[in-house]
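Engineer: this is a predicted model, with the sequence first.
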Amino acid sequence: MNETEEDEIEITKDSNGNILANGDSVMLIKDLKVKGSSVTLKQGLKIKNIRLTDDPEQIECNADSLKNLVLKTCFLRKA
C-alpha cells in the first residue's frame with residue numbers, strides 16, 4: 001500500500017472508540033425509534049453479525065424482526 005491508499009481507508013469505530021469489523025456484536029446505548037415503523041429498539045439490545053458500510057459512521061444489521069437496518073455507530077458500543 002502506498003500513502004494515498006492508507007489515507008483512503010476509513011476505520012469504523014463505536015461510541016467508545018473501539019474498532020468495529022464485519023461480524024462483530026454490538027449493543028445499543030440509547031433507545032432508538034425506527035423510522036417507518038412503530039418499533040423502538042431498546043437500550044442494551046445486543047445485535048449480532050454487523051456489516052460495515054462505505055460510510056464509517058454507519059453499519060448494517062438485522063435486529064429482532066427487522067431486516068436491513070442501518071444504524072449510526074454513535075449509538076453503539078462493542079459487546
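Structural biologist: It's in.
Engineer: please make it C-alpha for all contacts and neighbour counts, starting now.
Structural biologist: Noted.
Engineer: list the contacts of residue 67.
Structural biologist: Residues counted as contacts of residue 67 (CA atoms under 8 Å, 6 or more residues apart in numbering) are residue 61.
Engineer: switch the cut-off to 10 Å
Structural biologist: Residues counted as contacts of residue 67 (CA atoms under 10 Å, 6 or more residues apart in numbering) are 60, 61.
Engineer: next one: residue 43
Structural biologist: Contacts here follow CA under 10 Å, 6+ apart; on that basis residue 43 touches 27, 28, 29, 30, 31, 32, 75, 76.
Engineer: again, only using 7 Å
Structural biologist: With contact set as CA atoms under 7 Å, 6 or more residues apart in numbering, residue 43 has these partners: 28, 29, 30, 31.
Engineer: neighbours of residue 42, how many?
Structural biologist: Counted by other CA atoms under 10 Å, the residues lying close to residue 42 total 14.
Engineer: distance between the ends of stretch 53-62?
Structural biologist: 14 Å (CA to CA, to the nearest Å).
Engineer: how far does that stretch sit from the chain's center?
Structural biologist: Relative to its chain's centre, stretch 53-62 lies at 5 Å (CA atoms, centre = their mean, to the nearest Å).
Engineer: likewise for stretch 9-21?
Structural biologist: The chain centroid and the centroid of stretch 9-21 are separated by 9 Å under CA atoms, centre = their mean.
Engineer: dump that stretch to PDB, keeping only the CA atoms.
Structural biologist: Taking Å, rounded to 0.1, in the frame of the first residue of the first chain, the C-alpha atoms of stretch 9-21 are listed here in PDB:
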ATOM      1  CA  ILE A   9      -9.100   3.500   4.300                       C
ATOM      2  CA  GLU A  10     -11.700   4.600   6.900                       C
ATOM      3  CA  ILE A  11     -11.900   2.800  10.200                       C
ATOM      4  CA  THR A  12     -15.400   2.200  11.700                       C
ATOM      5  CA  LYS A  13     -15.400   2.900  15.400                       C
ATOM      6  CA  ASP A  14     -18.200   2.600  18.100                       C
ATOM      7  CA  SER A  15     -19.100   5.300  20.600                       C
ATOM      8  CA  ASN A  16     -16.200   4.400  22.900                       C
ATOM      9  CA  GLY A  17     -13.600   4.400  20.100                       C
ATOM     10  CA  ASN A  18     -13.300   0.600  19.700                       C
ATOM     11  CA  ILE A  19     -12.700  -0.600  16.100                       C
ATOM     12  CA  LEU A  20     -15.600  -2.500  14.600                       C
ATOM     13  CA  ALA A  21     -15.300  -5.300  12.000                       C
END
